[in-house]
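1. Structure, please.
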Amino acid sequence: MAGVVRRRIVPFATDHTAQGDIMSMQHPDPSQQQPSSFGPPPAGSAPGGATPSGPQPPYGQQPPYGQAPQGWAPQPPAPEKRKNWFARHKVLTGLGALVGISIVGASLGGGDESTVADDGVTVVEETAADAPADEGGSADEEVAAEEPEAADLPGLGDPVRDGKFEFTVTELEDDVKQIGDDFLNEKAQGRFLLVHVTVENIGDEAQYFDGDSQELVDTKGRTHSADTGAAIYLDDSNSFLNEINPGNSVEGVVVFDLPKKATPATLELHDSMFSDGVEVAVE
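-> Numbering: from 1, shown residues only. Got it, this is the predicted structure:
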């Protein structure tokens, strides 16, 4: 039996309009852009329905870091807090404070000027120079009364102590012109004063006696240091770094080079250059 051939009959539209529609569906017009479910959205549209105000970057391209996308203006920064006048003018504020302090100090200062009290009474302040002479004497007399007189201090032959040493000034040789012999000697700039002193170690350890640590004060209050360079020309000075054991004593000579018209007042004897010292009257 011969094979059976089946045929499908497609109705053919007789209407020209329907036929044209069928043809347009089979062959679309290439000039018309068809929407696609894939790819970037059409230009001019923004996500969420927002409409940008300017051109947009191509799809997939992001703006540089820190730069706002085109079409959206960046949010303006918050305005800075305005500093007060004093914070902005620190130099003027400091100068004004100094001027104010100076004015207050000048107004509070004393002197011979009169000051007015709160009740309207004028108060006149007197200085020590304006005070009458019979109301207590001058300031120099008060200072002199407070200072100890030479008669109140220990003198020649009186033992005094400072630190580990006990000193006894035994003799003074004044107005010496030269120390040493004819070949090795030292001449005074003014005059030499030779102080003979006995030094005893009253401590528990050996201690060095140094004549350079001793001082002399004249009647004008001037302090004179010892002349150890001249003392080395003496045979028995014993005043240059002489070590004294506990309980022992030495007899030394301390030399001072004084002006010709200077008058010795007191000696300041020290067991070392760091001690407070003790005074002995030599007038």
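2. I figured Pro159 hits Val169, correct?
-> No. Between Pro159 and Val169 there is no contact under CB atoms under 8 Å: 9.4 Å. For the C-beta atoms, the positions are set from N, CA and C on the backbone; glycine is no exception.
3. Wait, a strand at Asp182?
-> No. Asp182: not assigned to a strand; according to DSSP: H, G, I helix; E, B strand; the rest coil it is coil.
4. Give me the neighbour count for it.
-> By the other CB atoms under 10 Å criterion, the neighbourhood of Asp182 contains 6 residues.
5. phi, psi of it?
-> Main-chain dihedrals, Asp182, degrees, to the nearest 10: phi -70, psi -20.
6. on that earlier part again, tell me which of Pro159 and Val169 has more neighbours.
-> Val169 (22 against 13).
7. Contacts only, for that one.
-> 155-158, 195-197, 267, 269, 280, 282 (CB atoms under 8 Å, 6 or more residues apart in numbering).
8. Okay, and which of those residues map to helices?
-> Assignment to helices by DSSP state H places none of the contacts of Val169 there.
9. As JSON lines, those residues with neighbour count and pLDDT would be great.
-> Formatted as JSON lines, the contacts of Val169 follow (neighbours: other CB atoms under 10 Å; pLDDT from 0 to 100):
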{"residue": "Gly155", "neighbour count": "15", "pLDDT": "94"}
{"residue": "Leu156", "neighbour count": "14", "pLDDT": "94"}
{"residue": "Gly157", "neighbour count": "10", "pLDDT": "95"}
{"residue": "Asp158", "neighbour count": "12", "pLDDT": "96"}
{"residue": "Val195", "neighbour count": "26", "pLDDT": "96"}
{"residue": "His196", "neighbour count": "16", "pLDDT": "95"}
{"residue": "Val197", "neighbour count": "24", "pLDDT": "96"}
{"residue": "Leu267", "neighbour count": "27", "pLDDT": "97"}
{"residue": "Leu269", "neighbour count": "26", "pLDDT": "96"}
{"residue": "Val280", "neighbour count": "22", "pLDDT": "97"}
{"residue": "Val282", "neighbour count": "21", "pLDDT": "93"}
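10. quick one: which of those residues sit in strands?
-> Counting by DSSP state E, those place 195-197, 267, 269, 280 in strands.
11. and of those, the nearest to Asp175?
-> Closest approach between those and Asp175, by CB to CB: Val195, at 13.6 Å.
12. Go through stretch 230-240 and flag the buried ones.
-> By neighbour count on 16 or more other CB atoms under 10 Å, the buried set for stretch 230-240 is 230-231, 234, 237-240.
13. Greatest separation within these: which pair is it?
-> Ala230 and Asn238 (14.4 Å).
14. mind listing the helices in the stretch 151-283 of the chain by residue range?
-> 228-231 (DSSP state H, counting those that start in this stretch).
15. where does it dip in pLDDT?
-> For the stretch 151-283 of the chain, applying pLDDT under 70 flags the ranges 151.
16. Strands along that one, start to end?
-> Ranges of strands in the stretch 151-283 of the chain, per DSSP state E, counting those that start in this stretch, are 159-162, 165-180, 185-201, 207-209, 215-218, 223-225, 242-244, 249-258, 264-269, 278-281.
17. out of the ones you listed, nearest to Gly94?
-> strand 223-225 (44.6 Å).
18. And the closest one, what does it pack against?
-> Under the contact definition 3 or more CB pairs under 8 Å, 6 or more residues apart in numbering; DSSP states H and E, strand 223-225 sits against strand 215-218, strand 249-258.
19. List the buried residues of that strand.
-> Buried residues in strand 223-225, counted by 16+ other CB under 10 Å: His224.
20. Not counting that strand itself, show me its contacts.
-> 212, 215-218, 256-258, 262, 268.
21. one more time with 6 Å, if that's ok
-> 215-217, 256 (CB atoms under 6 Å, 6 or more residues apart in numbering).
22. Same question for stretch 211-222.
-> 223-224, 226, 228, 231, 239, 254, 256, 262-270, 273.
23. make it 7 Å
-> Under the contact criterion CB atoms under 7 Å, 6 or more residues apart in numbering, stretch 211-222 has outside partners 223-226, 228, 231, 239-240, 252, 254, 256, 262-270, 272-273.
24. so which of the strands of the stretch 151-283 of the chain gets nearest Ile101?
-> Going by CB to CB, the one of the strands of the stretch 151-283 of the chain nearest Ile101 is strand 223-225, 39.8 Å.
25. Sweet, I'm off.
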